[in-house]
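Novice: model the structure of this input:
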Amino acid sequence: MAERKPIESWLTDMDGVLIHEGVPIPGADAFIKKLRESGKPFLVLTNNSIYTARDLQARLTRMGLEVPVENIWTSALATAKFLDDQRPGGTAYVIGEAGLTTALHDIGYVLTDHDPDYVVLGETRTYSFEAMTKAVRLINGGARFICTNPDETGPSTEGPLPATGAVAALITKATGKNPYFAGKPNPLMMRTGLNAIGAHSETSAMIGDRMDTDVLAGLEAGMETFLVLTGLTSRSDIDRHPFRPSNVVDSIADLVERI
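Specialist: Numbers count the residues shown, from 1 in each chain. Predicted structure coming up:
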């Protein structure tokens, strides 16, 4: 196996790697501080499309993690970049929160329910039957179906919540149309993120807590991958997948000295 080049830039998932249920994971502050001091390009990634990068920056700051807004990359931003490349100045019917609607406004998209180019489905805590019905009818009428991310459930203090992927499955069942998912594990999210910070996949690493999104996305983008065991994946889960991470570590604290 060819020896990999030294890591010059880092991409890390947020939930399960840096924070867990609103609390920083031990070592996260030291990791971010060391990254910033090193001057190496880095991004904090999330498949959650609810919040804007500025919202997330404020949340992380409250937890003691100082991450510049330009170093945060969400599935909403990746979706907007994809749509801007595909059909600049287009129109979309959106089911989602401020993170997604702001990203689309920022690329000059018009949000409308009248003959839109796209139906764009993102994360929201208040999926309405009316909005889903409208999405189904617009897709049946010719709108292209885009989804920010395929996660079927999301975490909450009360337990798992149905998430974007689950709602996308409902719309697919009603229309017969599968969405294009812009977020992880689509390597597009990684590549657009790397381009945003001027980094290259062969000298970049991806850190995540999920095999099916983080590790797979990093692998398909040609990056070195680190699986941390502070989130949704245990060591015994790894062999259930047909692919493996480059490295497995207990937590982000084990990677501070790798920077």
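Novice: which stretches of the stretch 1-150 of the chain have low pLDDT?
Specialist: Where the stretch 1-150 of the chain drops to pLDDT under 70, the residues are 1-2.
Novice: can you give me the helices for it?
Specialist: Ranges of helices in the stretch 1-150 of the chain, per DSSP state H, counting those that start in this stretch, are 28-38, 53-62, 75-86, 98-106, 129-140.
Novice: so for G218, which of the ones you listed sits nearest?
Specialist: Of all the helices of the stretch 1-150 of the chain, it is helix 75-86 that lies closest to G218, at 14.5 Å by Cβ to Cβ. Bear in mind the C-beta positions are built from the backbone N, C-alpha and C, glycine included.
Novice: angle of that closest one against helix 53-62?
Specialist: 150 degrees (axes from the mean of the first three to the mean of the last three Cα atoms, to 10 degrees).
Novice: buried set for helix 75-86?
Specialist: Neighbour-count burial for helix 75-86, with 16 or more other Cβ atoms under 10 Å as criterion, is recorded at 75-84.
Novice: ok, the residues you listed vs S201, which is closest?
Specialist: Looking across the buried residues of helix 75-86 and measuring by Cβ to Cβ, the closest to S201 is A78, at 15.4 Å.
Novice: hang on, that closest one packs against R191?
Specialist: No: look at A78 against R191 with Cβ atoms under 8 Å: they stay out of range, at 9.4 Å.
Novice: what does stretch 161-178 contact?
Specialist: 49, 95, 119, 121-123, 125, 127, 132, 135-136, 139-140, 145, 147-155, 179, 181 (Cβ atoms under 8 Å, 6 or more residues apart in numbering).
Novice: stretch 101-108 now?
Specialist: 52, 74, 76-77, 79-81, 83-84, 88-89, 92, 94, 111, 120.
Novice: and those, which is closest to I238?
Specialist: T74 (26.8 Å).
Novice: please give me every residue in contact with the closest one.
Specialist: Per Cβ under 8 Å, 6+ apart, neighbours of T74: 45-49, 51-53, 56, 99, 103.
Novice: from those residues, pick the one nearest V69.
Specialist: For those, the nearest to V69 is A53 (4.9 Å; Cβ to Cβ).
Novice: next up, the contacts around the closest one.
Specialist: 69-70, 72-74, 77.
Novice: and the contacts of T74 as TSV, adding distance to S236?
Specialist: Formatted as TSV, the entries for those read as follows, by distance: Cβ to Cβ, whole Å:
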residue	distance to S236
L45	25
T46	26
N47	24
N48	27
S49	31
Y51	33
T52	37
A53	35
L56	32
G99	34
A103	38
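Novice: mind giving me the PyMOL command for buried ones among those residues?
Specialist: The buried residues among the contacts of T74 can be selected in PyMOL (16+ other Cβ under 10 Å) with this line:
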select buried, resi 45+46+47+48+49+51+52+53+56+99+103
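Novice: just name the closest of the contacts of T74 to I197, please.
Specialist: Nearest to I197 among these: L45, at 11.4 Å, using Cβ to Cβ.
Novice: the closest one bridge partners, please.
Specialist: D13, W73 (DSSP bridges).
Novice: can you check V110 too?
Specialist: Beta-bridge pairing of V110, defined through DSSP bridges, involves T91.
Novice: my read: it touches T91, true?
Specialist: Yes: the criterion here is Cβ under 8 Å, and V110 meets it with T91 at 4.7 Å.
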